[in-house]
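1. got a predicted model here, sequence first, then my questions.
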Amino acid sequence: MRSESAERLGIEKSVNISDFRKNPSRYFHHRPVEVLSRGRPIGYLLEPELLETMLEALARYENPTTLKKELGLTDDWLWKVTGDNP
């Protein structure tokens, strides 16, 4: 059973936290997975490459320096996105 937020985000797979704990690597796919506790979303699983792609896409629309600060990203991330390396 997916939550409304998963449906809005186009997340097709959900897993209960109890099942996730038994075999976490089983749930890492090339698509996001919603993690539920008592039928409510508590988080989303993303592969590192997908998270990087999403952050880079967001940086094209938002100020990368602001994103770095707000999300606690590293200077390396900022340099990769902006191409500015001191």
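-> Thanks, I have it. Numbers count the residues shown, from 1 in each chain.

2. C-alpha only now, for contacts and for neighbours.
-> Will do.

3. could you point out the longest helix of the chain?
-> helix 48-61 (DSSP state H).

4. got the CA coordinates for it in CSV?
-> Output of helix 48-61 as CSV, limited to C-alpha atoms (Å, rounded to 0.1, in the frame of the first residue of the first chain):
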residue,chain,number,x,y,z
PRO,A,48,23.4,7.5,-4.6
GLU,A,49,23.5,8.2,-8.3
LEU,A,50,19.8,9.2,-8.3
LEU,A,51,20.2,11.5,-5.3
GLU,A,52,23.2,13.2,-7.0
THR,A,53,21.2,13.6,-10.3
MET,A,54,18.3,15.1,-8.4
LEU,A,55,20.5,17.6,-6.5
GLU,A,56,22.2,18.6,-9.7
ALA,A,57,18.9,19.2,-11.4
LEU,A,58,17.7,21.2,-8.4
ALA,A,59,20.9,23.3,-8.5
ARG,A,60,20.0,24.4,-12.0
TYR,A,61,16.9,26.1,-10.7
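
5. moving C-terminal of the helix or strand bottoming out on mean pLDDT in the chain, what's the next helix or strand?
-> Here the helix or strand of the chain ranked lowest by mean pLDDT, DSSP states H and E is helix 4-9, holding a mean of 80. Using DSSP states H and E, the helix or strand that follows helix 4-9 in sequence is strand 13-16.

6. quick one: strands adjacent to that following strand?
-> strand 33-37 (parallel) (DSSP bridges).

7. ok so, going back, got the contact list for the longest helix of the chain?
-> 30, 67, 81 (CA atoms under 8 Å, 6 or more residues apart in numbering).
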